[in-house]
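Participant: Sharing a model prediction with you, sequence too.
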Amino acid sequence: MRDHKTPLKKRYDLLLLAALVLVGLGLTAFVLLSRMNSTSDGLTVTIRQDNEVVATLPLDEDATYAVQDEDGDTTNLVVIEDGTVHMEEADCPDQLCVKQGKIRYAGDSLICLPNRVVVEISGEDEQALDAVAK
């Protein structure tokens, strides 16, 4: 014997499926949008050279900062843009800090060892400890 659904039951099945898909899409959009909006709120970018703070800038404001050596020559160009930070230029030979790309979350850092420059994001959304091991 075949199990035949009436047209009314098929319609309810389709409506239920459509509702579940819409709820899933809505939750996904909510999570993504809240994550994008909260990533740069209250976060700061700290730029250190030779372990001394040379600048502290908000992550949510676009800016460019030129890190200079003792002679006044620019060693690194730090760019804050759209809630991210990256090294635009560096006069070091390996260019690893430039190749590292953009960072955006608290605890992330860019490091240029030859020029002794560290760029770090800090702020309220730093992740708390999940557990303590003994």
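Facilitator: Alright, I've got the coordinates.

Participant: Going by neighbour count, list what's buried in the longest helix seen in the chain.
Facilitator: Longest among the helix segments of the chain by residue count, using DSSP state H, is helix 7-38. By 16 or more other C-beta atoms under 10 Å, helix 7-38 has no buried positions at all. Glycine gets a C-beta too; all of them are placed from N, C-alpha and C.

Participant: same question, stretch 52-71
Facilitator: 55, 57, 59, 65, 67.

Participant: which residues are in contact with that stretch?
Facilitator: Taking contacts as C-beta atoms under 8 Å, 6 or more residues apart in numbering, the residues outside stretch 52-71 that touch it are 40-41, 43-49, 74-83, 85, 88, 104, 115, 117, 121, 123.

Participant: go with 7 Å
Facilitator: Identification of contacts with stretch 52-71 by C-beta atoms under 7 Å, 6 or more residues apart in numbering yields 40-41, 43-49, 74-81, 83, 85, 117, 121.

Participant: now the strands for this protein?
Facilitator: Counting by DSSP state E, the chain has strands at residues 44-49, 52-58, 63-68, 74-81, 84-90, 109-112, 117-122.

Participant: Mind putting those into JSON lines with mean pLDDT and distance to D13?
Facilitator: Below are the strands of the chain laid out as JSON lines (pLDDT from 0 to 100; distance: least, C-beta to C-beta, whole Å):
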{"stretch": "strand 44-49", "mean pLDDT": "95", "distance to D13": "52"}
{"stretch": "strand 52-58", "mean pLDDT": "94", "distance to D13": "51"}
{"stretch": "strand 63-68", "mean pLDDT": "94", "distance to D13": "55"}
{"stretch": "strand 74-81", "mean pLDDT": "93", "distance to D13": "48"}
{"stretch": "strand 84-90", "mean pLDDT": "95", "distance to D13": "45"}
{"stretch": "strand 109-112", "mean pLDDT": "94", "distance to D13": "52"}
{"stretch": "strand 117-122", "mean pLDDT": "95", "distance to D13": "48"}
